[in-house]
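**Q** Could you look at this predicted model? Sequence included:
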Amino acid sequence: MTVASVYRRVLGARFDSLDPAVQRLHSLQGQHRLDGRCTIIGAQSRLGRVIARLVGLPHAAEQTAFLFEIDAGSTVETWTRHFPRRSMRSRLHAGDHDDLIERLGIVRLQFSLAVASGALTMRLDAVRIAGMPWPRAWLPTVWAREHGDGDHFHFDVSARLGRLGLLVAYRGHLDLSGAAPLA
């Protein structure tokens, strides 16, 4: 019996339209460690850098090694992204309205997901901090796009906050050829 992953629960039948590499990553169960590469553009304003540091966003780096760890159950996934000099851990689960919820410490992010031409896109719709709703007028613009190419899972993520501009953007790939459960 196949256990439905968090992403399959959120996407339903749309999951089958994803590129095979994207389906493969989002179907992993158990603990896995994947290697990849990424380029990171850091915050460009002084206040943006302060916010990025407080939230734990990665520093700028060009074509650097990237390690991704996932601990995936059927209802919750823990993602740990190891960037140079910084790691970022979050927990993801299906929301109540065909949305994806990601928790980074006391911050709760609510994303809507869409599938087009095999790619998965995510858009931030709401934020709560310590349980309190973040005002929509101050809502950051956060989006992600994922697509696949053979054994490569490609990602492109960006976060902007109003006049502060870019907080972080990172893009790269993970090599799925070595994806095997950790003992």
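**A** Great, that's in hand. If you're wondering where the values come from, they're calculated on a predicted model, not measured in any experiment. Numbering: from 1, shown residues only.
**Q** CA atoms for contacts and neighbours, from now on please.
**A** Fine.
**Q** what's the helix ranked longest in the chain packed up against?
**A** Counting residues, the longest helix found in the chain (DSSP state H) is helix 46-55. Where contact means 3 or more Cα pairs under 8 Å, 6 or more residues apart in numbering; DSSP states H and E, helix 46-55 is packed against strand 165-175.
**Q** ok, Pro133 - contacts?
**A** Taking Cα atoms under 8 Å, 6 or more residues apart in numbering, we find Pro133 in contact with 126-127.
**Q** now Tyr170
**A** Taking Cα under 8 Å, 6+ apart, one finds 38-41, 155-158 in contact with Tyr170.
**Q** what about 10 Å?
**A** Contacts for Tyr170 (Cα atoms under 10 Å, 6 or more residues apart in numbering) come out as 38-42, 58-62, 144, 155-159.
**Q** repeat for Leu176
**A** Taking Cα under 10 Å, 6+ apart as the criterion, Leu176 is in contact with 21-22, 24-25, 33-36, 150-153.
**Q** now Arg8
**A** So Arg8 contacts 14-16, 23, 26-27, 74, 94 (Cα under 10 Å, 6+ apart).
**Q** neighbour-wise, which of the residues you listed leads?
**A** Ala94 (23 neighbours; other Cα atoms under 10 Å).
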